[in-house]
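**Student:** When you get a sec, could you give me coordinates for this:
(one chain, ligands or ions: 3)
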Amino acid sequence: MTDFFGDIAPVSFDPNGDGDLTFRHYDPDALVLGKRLEDHLRFSVAWWHSFAWPGGDPFGGQTFERPWFGDSMDDAKLKADVAFEMFRILGQPFFCFHDLDIRPEGDSFAESADRLDAITDYIGSKMERTGTKLLWGTANLFTHRRFMGGAATNPDPDVFAYAAATVKTCIDATKKLGGENYVLWGGREGYETLLNTNLVREREQAGRFLCMVVDYARKIGFDGTILIEPKPQEPTKHQYDYDVATVYGFLKDFGLENDVKVNIEQGHAILAGHSFEHELALAASLGIFGSIDMNRNDYQSGWDTDQFPDNVPEVARAYYEVLRAGGFSTGGTNFDAKLRRQSLDPMDLIAAHVGAMDVCARGLKAAAALLDSGELEAARAERYAGWETSDLLTSDLASIEARVRAGGVDPAPRSGRQERLENIWNRYV
Ligand code: XLS
Ligand code: NI
Ligand code: NI
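**Tutor:** Ligands and ions are numbered 1, 2, ... in the order given. Prediction:
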């Protein structure tokens, strides 16, 4: 036991509770559409934001003082101890990490890999004891200066090699911990200027890299889902995995559309000029929906501000699409969200997650009730009903022209009923 969280007790569900330590909406055992809420939402804590982020911004450095900030393996273990204490307080079933979040980088590749091995042994025994599970692991291929010009897409083959070797160790670590997914977010896979960039070559490298990842994961019997996390820009000016549609085209191009799915983040969807629900609905319709990074961007800043979600109607739209897609299988709701830099207290960390879990629970319950009512889906089905009996899609232009000429039917426009549907929506949220 560390004393970081002091006497903060485990958070429990009480619809009439007050204070920071009560869930008013998230009752893990409540049945929604026949499934426990905890199993619907599959919450996860992000190691990087909650335990590794020092509170800096472009104008100022560290604001948080954490007893585990340092670069020894003892610091890494203390960080893990505190992490598992937080999972227990919150009843969080899952967590996610980058290699760099859980162990300090060594002086050589081999030392870094050994440390990853050692710390994942340590974390693994805690997982066994507590039952907390790994939603996904990933490699940090963006912080170190060696990756400044890209990892897989770097002009220097030695950097490609370093990145590939690193990912291999992270897939091994993820498999060892029983991770249900492995994520690739291309934090430096893009360009700063077209003036020095060979687009054809970089795309080819990224495709080959991903094929190697898939091959290796399958070869060692990793049966989790491999996920790409789209993001349009930040940190690079342009990132190749721009959005769901772009990633799908890329996967198709390299024959990976059945092997790789997407991890969709709220803030990234907004940066790409989409809504979160758009990205979710599109991924589901393309058969590549995997998991979500739940957070919220400041809509004025234009940056990936990674705030905790606080907007129930928005979150409900997202979960409506998740539920329509059949819910999560290996995926879950990872809070890729960080405190504001003035939120210094351990209680801030707890309260942030409690609030976010409640927002998600409210959103999911509203979405489930609406889906269950069938009201929107009936309207959607009715809108397309004409196609149920139509053979047009197997016809050809000339036959269609002949038919239209003979039939003489000028189709009558019908209302899209948007406002009425919005009113239905608002009855549930
Ligand atoms: C950054 C990404 C990152 C990924 C994991 O914007 O959201 O945190 O989720 O590398
Ligand atoms: Ni993310
Ligand atoms: Ni992000």
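**Student:** OK, contacts around the residue in the stretch 101-250 of the chain that ligand 3 sits nearest to?
**Tutor:** Closest to ligand 3 within the stretch 101-250 of the chain is K231: 6.1 Å, counting by C-beta to the ion. (C-beta placed from N, C-alpha, C; glycine too.) The neighbourhood of K231, defined by C-beta atoms under 8 Å, 6 or more residues apart in numbering, consists of W185, G186, G187, Q239, D241, Y242, E265, H268, L271, A272, D304.
**Student:** interface residues of the chain facing ligand 3?
**Tutor:** Those residues of the chain that sit near ligand 3, judged by C-beta under 5 Å from the ion, are E265, D304.
**Student:** For the residue in the chain that ligand 1 sits nearest to, which non-adjacent residue is spatially closest?
**Tutor:** Residue of the chain nearest ligand 1, by C-beta to the nearest ligand atom: W185 (3.5 Å). In space, and not counting its chain neighbours, W185 is closest to E229: 4.0 Å by C-beta to C-beta, 6 or more residues apart in numbering.
**Student:** Quick check, that neighbour in contact with V262.
**Tutor:** Yes: assessed by C-beta atoms under 8 Å, E229 is found in contact with V262 at 7.0 Å.
**Student:** Please identify which of these two sits among more neighbours.
**Tutor:** Higher neighbour count among E229 and V262: V262, with 28 against 23, using other C-beta atoms under 10 Å.
**Student:** any idea how far A369 is from ligand 3?
**Tutor:** A369 sits 30 Å away from ligand 3, going by C-beta to the ion, to the nearest Å.
**Student:** same thing with E401?
**Tutor:** With C-beta to the ion as the criterion, E401 and ligand 3 are 50 Å apart.
**Student:** Buried ones in the helix or strand hosting that residue, by neighbour count?
**Tutor:** Per DSSP states H and E: E401 is located in helix 397-407. By neighbour count on 16 or more other C-beta atoms under 10 Å, the buried set for helix 397-407 is empty.
**Student:** Can you give me the neighbour number for the residue in the stretch 1-150 of the chain that ligand 2 sits nearest to?
**Tutor:** For the stretch 1-150 of the chain and ligand 2, the shortest gap (C-beta to the ion) falls at A46, measuring 7.5 Å. Residues lying near A46 (other C-beta under 10 Å) number 24.
**Student:** Without its sequence neighbours, what residue ends up closest to it?
**Tutor:** Using C-beta to C-beta, 6+ apart and skipping the chain neighbours, the partner closest in space to A46 is D336 (5.0 Å).
**Student:** what about that neighbour, neighbour count?
**Tutor:** D336, neighbours per other C-beta under 10 Å, totals 25.
**Student:** Now do the contacts for it.
**Tutor:** When contacts are counted by C-beta under 8 Å, 6+ apart, D336 touches A46, H49, C96, E265, G267, D293, M294, N295, D306.
**Student:** how far out from the middle of the chain is stretch 369-381?
**Tutor:** Distance of stretch 369-381 from the chain centroid (C-alpha atoms, centre = their mean, to the nearest Å) equals 27 Å.
**Student:** what residue ranges in the stretch 251-400 of the chain are flagged as low confidence?
**Tutor:** The stretch 251-400 of the chain contains no residues with pLDDT under 70.
**Student:** who in it is up against ligand 2?
**Tutor:** Contact residues (C-beta under 5 Å from the ion) of the stretch 251-400 of the chain with ligand 2: E265, D293, D336.
**Student:** Return the distance of the last one relative to L90.
**Tutor:** Between D336 and L90 the computed distance is 16 Å (C-beta to C-beta, to the nearest Å).
**Student:** again, but for the second one
**Tutor:** As defined by C-beta to C-beta, D293 lies at a distance of 18 Å from L90.
**Student:** the more surrounded of the two?
**Tutor:** When D293 and L90 are compared on other C-beta under 10 Å, the one with more neighbours turns out to be D293, at 25 against 20.
**Student:** That one touches E229, doesn't it?
**Tutor:** Yes: contact criterion C-beta under 8 Å: D293 and E229 qualify, at 6.8 Å.
**Student:** Touching both of those two, which residues are there?
**Tutor:** Contact criterion C-beta under 8 Å, 6+ apart; residues shared by D293 and E229: N263, I264, E265, H268.
**Student:** for the first one, helix, strand, or coil?
**Tutor:** Meaning N263. Assigned with DSSP: H, G, I helix; E, B strand; the rest coil, N263 falls in the strand class.
**Student:** what about it, how many residues close to it?
**Tutor:** N263 has 30 neighbouring residues, counting by other C-beta under 10 Å.
**Student:** just checking, it touches I288?
**Tutor:** No: assessed by C-beta under 8 Å, N263 is found out of contact with I288, at 10.3 Å.
**Student:** Strands of the chain, residue ranges please.
**Tutor:** Using DSSP state E, the strands of the chain run over 12-13, 22-23, 31-32, 35-36, 43-46, 94-98, 133-138, 181-184, 190-191, 225-228, 238-239, 260-265, 289-294, 333-335.
**Student:** Can you say which of those strands is nearest to L393?
**Tutor:** Of all the strands of the chain, strand 289-294 sits nearest to L393, with 24.8 Å by C-beta to C-beta.
**Student:** Next, the angle from the closest one to strand 133-138.
**Tutor:** Inter-element angle recorded for strand 289-294 and strand 133-138: 90 degrees (by axes from the mean of the first three to the mean of the last three C-alpha atoms, to 10 degrees).
**Student:** Kindly check the end-to-end length of stretch 33-46 for me.
**Tutor:** With C-alpha to C-alpha, to the nearest Å as the measure, stretch 33-46 spans 28 Å from end to end.
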